[in-house]
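*Asks:* no letters, just coordinates:
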């Protein structure tokens, strides 16, 4: 039987999910506006988390990329390739399919955010956004409830 991982909206109305990026547990705010046309960058991480992943050797293929924000401003961001998983709320145990993608280093002051490229790579999963219950759920495929 498949299982769903579910997160409740914060008092501000944000949806913050649990993830494992590289070997580190983290939280990331769901940002449906964080779109990468090339479908390569799935997270923009707070600088401290990005730097921690880099120092621990979890990031590969380090590079820079140009991005355009919602206001149309262009900026250059550092990126690195990493493996990421969803994590079970409260236990931080990795769950679901492994996703290999790039993460970008956000400007100072922004929280870690997860964008559409990550969710598009969750093969066999289903995302349910229940507006009435104010929940964000990811239903895992039956064979992927646990890591191999």
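*Replies:* Nice, I can see it. Predicted model only: the values in this text are computed from it and were never measured.

*Asks:* ok, and what's touching the helix or strand hosting residue 138?
*Replies:* Assigned by DSSP states H and E, residue 138 belongs to strand 135-139. Contact with strand 135-139 is made by 2-9, 15, 17, 30, 86, 96, 119, 122, 125-130, as judged by C-beta atoms under 8 Å, 6 or more residues apart in numbering. Every residue, glycine included, has its C-beta placed from N, CA and C.

*Asks:* which ones among the residues you listed map onto helices?
*Replies:* Among the contacts of strand 135-139, the ones falling in helices (DSSP state H) are residue 119.

*Asks:* in this structure, what helix or strand scores lowest on average pLDDT?
*Replies:* strand 60-68 (a mean of 89; mean pLDDT, DSSP states H and E).

*Asks:* who's in contact with it?
*Replies:* Under C-beta under 8 Å, 6+ apart, the answer for strand 60-68 is 41, 54, 74-82, 102, 104.

*Asks:* and what of stretch 49-58?
*Replies:* 21-24, 26, 45, 59, 62, 78, 80, 82, 103-106, 112.

*Asks:* try stretch 103-116
*Replies:* 17, 19, 21, 26-36, 41-47, 49-51, 53, 59, 65, 67, 75, 77-82, 84.

*Asks:* out of those residues, which are inside helices?
*Replies:* Filtering the contacts of stretch 103-116 for helices - DSSP H - leaves 47, 49, 50, 51, 53.

*Asks:* need those in a markdown table with pLDDT, can you?
*Replies:* Converted to a markdown table, the ones in helices among the contacts of stretch 103-116 look like this (pLDDT from 0 to 100):
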| residue | pLDDT |
| --- | --- |
| 47 | 97 |
| 49 | 97 |
| 50 | 97 |
| 51 | 97 |
| 53 | 98 |
